[in-house]
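Novice: Generate coordinates for the sequence data below:
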Amino acid sequence: MAGDGRVNCSKFKAQFHVKPSMIPRARVEELTGFVPGGVCPFAVPEGIPVWLDVSMKRFSVIHPSAGNEFTSVKLTPDELEQASDAAGWCDVCKGWETGIS
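Specialist: Numbers count the residues shown, from 1 in each chain. Take a look at the predicted model:
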């Protein structure tokens, strides 16, 4: 999701049928293959679905992390969808529409 949004718990639960929760920092690398701050939406381990939030579609260019906290990649929303092999687009965050979180 876009960096200026926050997870909307009810939207998330309606979409994924579970309550949202963050991965404990100590387990991020074990589960994703990336260190905290470097988790990217592509090259993730098999079996981890990638969903993209519609809050990012308003940008012509997106800069997702690319494996570490100092690296990003410049992609259009369509390129990000393709590179991440996304399961789809979802609407699970709030605040970005008005700039108020």
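Novice: how about K19, what does it touch?
Specialist: C9, F12, K13 (C-beta atoms under 8 Å, 6 or more residues apart in numbering). All C-beta spots, glycine's among them, are computed from the backbone N, C-alpha and C.
Novice: Kindly supply the ChimeraX command isolating those of these that are buried.
Specialist: In ChimeraX syntax, the buried subset of the contacts of K19 is picked out as below (16 or more other C-beta atoms under 10 Å):
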select :12
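Novice: Point out where the protein drops to low pLDDT.
Specialist: Along the chain, segments meeting pLDDT under 70 span 99-101.
Novice: what about S21, which helix or strand?
Specialist: S21 is part of no helix or strand when elements are defined by DSSP states H and E.
Novice: can you put the contacts of K19 in TSV and add distance to K57 and secondary structure?
Specialist: Output for those, formatted as TSV (distance: C-beta to C-beta, whole Å; DSSP: H, G, I helix; E, B strand; the rest coil):
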residue	distance to K57	secondary structure
C9	22	helix
F12	18	helix
K13	22	helix
